[in-house]
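> Using only what follows, build the 3D model:
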Amino acid sequence: MMSVTERIRQSLLALHMARALETLDHTLGRLEKGEISAIEAIDDLLAEELNLREGRRISVALRTARLMPIKTIESFDFSFQPSLDRHRITALAQLEFINRAEVLHFLGPPGTGKSHLATAIGVAAVRAGRSVYRCSLAELLEALTRAEREGRLAEKIRFYTRASLLIVDEIGYLPITPGGANLFFQLVNARYEKGAMILTSNRGFAEWGEVFGDPVVATALLDRLLHHAVVVHIEGASYRLRQHADLIPEHTRAHANLMPPAAPKRRGRPPKHGAIDHLNG
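Here you go, the predicted structure:
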């Protein structure tokens, strides 16, 4: 006749609870020694299995969201970018802006950590169970252009509107192909007040007419992207090159912003919102 332990083992196997099955003998040993109660033993087995499955879910979701390699808020060197308010960034990572379907903008020179922070918040969202998708603007427009050519534009826009958070990186780095501004507007309009976005750009909003090659469309884009928005300006040195400044030729280093700026001297009372401006309409 099958023992109780063996029946539990068979049940865990049938339920595909591999981690609980793996730790069963250890948990039962602790129970026999009186280190834990029966209810604690059950709790330990379920917790082990849940942790394994949650780890797998997060791993798959991060790859699907295109958030690899993983970046985190904790791994960001805030001491190198004193223009950033760490507490404000940490607050954004609590993801309330997603609930409000807001647009979070990271603006600043190349290499200052915009993509790191955008990815890190995306990782936090995945861990919190939110659906996320990340791409560069060039990749996005290439996909939309191909879909339009193949008669699948509406379907592709629906794909980009499914995620709770859409991250569009590197706005302003590459020229926009003809028609690209209009395609991006259609996507932004479809997500407007329905889904949150994070955008990173090395160009100020006043330059978006030039970036998109169409001042009228750029104005329409900004009308929606700044209606419910949080804007984070990052000033300072190249975050990526901070550990390699000595490898840059001296004549290049003289014209490059590779050293962190000194903390600004403030007069009077500090601004209420630090580096982040809330532009809620």
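
> Check for me that Thr112 belongs to a strand.
No. With DSSP: H, G, I helix; E, B strand; the rest coil as the criterion, Thr112 is located in coil rather than a strand.

> wait, isn't it in contact with Val232?
No. With contacts counted by Cβ atoms under 8 Å, Thr112 stays clear of Val232, the gap being 10.7 Å. No exception for glycine: its C-beta is placed from N, CA and C like everyone else's.

> what about the helices in the stretch 101-250 of the chain?
With helices called from DSSP state H, counting those that start in this stretch, the stretch 101-250 of the chain shows them at 114-127, 137-149, 153-162, 180-191, 208-212, 215-225, 250-253.

> what packs against the fifth one?
In terms of contacts (3 or more Cβ pairs under 8 Å, 6 or more residues apart in numbering; DSSP states H and E), helix 208-212 is packed against helix 180-191, helix 215-225.

> mind checking which of those helices is nearest Arg158?
Arg158 lies closest, by Cβ to Cβ, to one member of the helices and strands packed on helix 208-212: helix 180-191, at 7.9 Å.

> excluding its backbone neighbours, what's nearest Ile121?
Spatially, and ignoring its direct neighbours in sequence, Ile121 is nearest to Ala93 (5.4 Å; Cβ to Cβ, 6 or more residues apart in numbering).

> rank the helices of the stretch 101-250 of the chain by pLDDT, which is bottom?
Within the helices of the stretch 101-250 of the chain, the stretch with the lowest mean pLDDT is helix 250-253, showing a mean of 43.

> sorry, back to before: which residues does the residue nearest to Ile121 contact?
Contact analysis of Ala93 by Cβ atoms under 8 Å, 6 or more residues apart in numbering lists 73, 120-121, 124.

> Mind giving me the ChimeraX select for those residues, buried ones only?
Those of the contacts of Ala93 that meet the burial criterion (16 or more other Cβ atoms under 10 Å) are gathered into one ChimeraX selection, given here:
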select :73,120,121,124
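
> Pipe the contacts of Ala93 into a markdown table and attach distance to Ala61 per row.
Listed next are the contacts of Ala93 as a markdown table, based on distance: Cβ to Cβ, whole Å:
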| residue | distance to Ala61 |
| --- | --- |
| Ile73 | 18 |
| Ala120 | 15 |
| Ile121 | 14 |
| Ala124 | 12 |
